[in-house]
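**Student:** Sequence isn't available, so here's the structure alone:
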Ligand SMILES: Cc1cc2nc3c(=O)[nH]c(=O)nc-3n(C[C@H](O)[C@H](O)[C@H](O)COP(=O)(O)OP(=O)(O)OC[C@H]3O[C@@H](n4cnc5c(N)ncnc54)[C@H](O)[C@@H]3O)c2cc1C
């Protein structure tokens, strides 16, 4: 396992060789900034819509080495979020968005099949479980018997026999992938189709140009008709987005292969699993019979800073490991082969958005809030249509230029978020131990709701 100078994990499975930085002046129809899924799907969909389009993609480091190459691998629909979506965007918008999100889960699998990318795509559905009485009603409002199916404790444990499961809901329209395989496969297909991908090319500025927009890096500049910014947790470095998101972190541990444990648990259906906490646990099996177990309870970042303990935090890793063994006592003494983390771009609505930057012909996507693997495909399709100035049903979905929602400015934001995170950790630990949370923690965790900010989940 290797790490870069900032402590970030470097995915190794199938990484293409490094690509040279931008060198001098270049022109394009679309310049894409950010080489994660969102940027790469945008480039892919631009070429799908206009095969002769010239696309330059600028990536600050290596493509797919950010969260896109090292996430939990859940390819989720929005079926659990429909009640909240209805409240936010109305019935028609909620249905259209949820339908598009569901189609995306299948579209990624179909893309892998068509392009010969073995991203270990598996459509095993998603189980949301309660592990404490406080979680027992989680997503009960989304149950409709087909897209979201109620599960009692026996049904949940029949999928995976963890002693902590109390019941929950099952969502069939959900898949998993090996994230680095998907990212590197996508990069390879972009290179095959002639996208100019410049690594080690951090965008440091942009300004209007007669042709559209010029984006500069330390070693060159690209002038294009439109720019697309797909920089995830770094979105706050764009002035108009400074107060549109909070950056937290999520961490994952991965066991050695444990086929005997998976057999004992009866966890062989490929279901991804998460719990009903705000700082949720999320877990899945892998094709090589490991268990991946993550926790969204990592530290908060100041502003848009994404290095250091956002990337790997030994204390958080130790907490995740302890939770893994609590969920699966038979893993006591079994090796953890890998552990890593990464930044999460938390939007105040918990939903991602695409916004036009106004001063230049440019669009930015941000706010996936730990759920970007599936949505980045839909957003890439939408960003491509917007960048090419084309009408497409997806450009009318409610995530395009929604009413702006702000988070408090720094340093208030990081101080407040860190305090609330600590309170949530105390509250949810008490609830799991069957105790009432202390009143201070309960009051602090209620604060974000009072100012209209959703907290992680
Ligand atoms: C530990 C972890 C687990 C997760 N698990 C899941 C999961 O199971 N399911 C799910 O749906 N989502 C999950 N997520 C979230 C998911 O990974 C992201 O939402 C998704 O990868 C976002 O893709 P992206 O392309 O927008 O961002 P990224 O993958 O972060 O890519 C953005 C890229 O932009 C580059 N960049 C930044 N600034 C600049 C600049 N100025 N110039 C050029 N390039 C720049 C970065 O280097 C980076 O490569 C998880 C995230 C983490 C950290």
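**Tutor:** Sure, I can see it. None of the values given here were measured: they were computed from a predicted structure.

**Student:** what does the stretch 351-457 of the chain have sitting close to the ligand?
**Tutor:** 368, 370-374, 376 (CB under 6 Å from any ligand atom). C-beta coordinates here come from the backbone N, C-alpha and C atoms, glycine included.

**Student:** do that again at 8 Å, thanks
**Tutor:** 352, 365-366, 368-376, 379 (CB under 8 Å from any ligand atom).

**Student:** Sitting in helices, which of those do you find?
**Tutor:** Using DSSP state H, 375-376, 379 are the members of these that sit in helices.

**Student:** Most neighbours among those residues, which one is it?
**Tutor:** When neighbours are counted by other CB atoms under 10 Å, residue 379 leads these with 30 neighbours.

**Student:** can you redo the ones in helices among the residues of the stretch 351-457 of the chain next to the ligand as a markdown table with distance to residue 361?
**Tutor:** Below are these laid out as a markdown table (distance: CB to CB, whole Å):
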| residue | distance to residue 361 |
| --- | --- |
| 375 | 24 |
| 376 | 22 |
| 379 | 18 |
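
**Student:** Looking at the residues you listed, which one is closest to residue 128?
**Tutor:** Comparing those against residue 128 with CB to CB places residue 375 closest, at 17.7 Å.

**Student:** Please report the distance of that closest one from residue 37.
**Tutor:** 9 Å (CB to CB, to the nearest Å).

**Student:** Also residue 397?
**Tutor:** 18 Å.

**Student:** Please say which of these two ends up with more neighbours.
**Tutor:** Neighbour totals were compared for residue 397 and residue 37, and residue 37 leads with 32 against 20 (other CB under 10 Å).

**Student:** confidence score at the spatially closest residue to that one that is not a sequence neighbour?
**Tutor:** Counting by CB to CB, 6 or more residues apart in numbering, residue 37 lies nearest to residue 376, which is 3.8 Å off, once chain neighbours are set aside. Looking at residue 376, its pLDDT is 98.

**Student:** now swap in residue 2 and tell me
**Tutor:** So, for residue 2, pLDDT stands at 52.

**Student:** same check, this time on residue 435
**Tutor:** 88.

**Student:** can you pull the contacts of it?
**Tutor:** Not one residue lies near residue 435 by CB atoms under 8 Å, 6 or more residues apart in numbering.

**Student:** Please identify which helix or strand holds it.
**Tutor:** Using DSSP states H and E, residue 435 maps to neither a helix nor a strand.

**Student:** Return the distance of it relative to residue 420.
**Tutor:** Counting by CB to CB, the gap from residue 435 to residue 420 is 20 Å.

**Student:** In three-state terms, label residue 274 for me.
**Tutor:** Local secondary structure at residue 274 is given as strand here, using DSSP: H, G, I helix; E, B strand; the rest coil.

**Student:** Please name the nearest non-neighbouring residue to it.
**Tutor:** The nearest residue in space to residue 274 (CB to CB, 6+ apart) is residue 282, at 4.3 Å.
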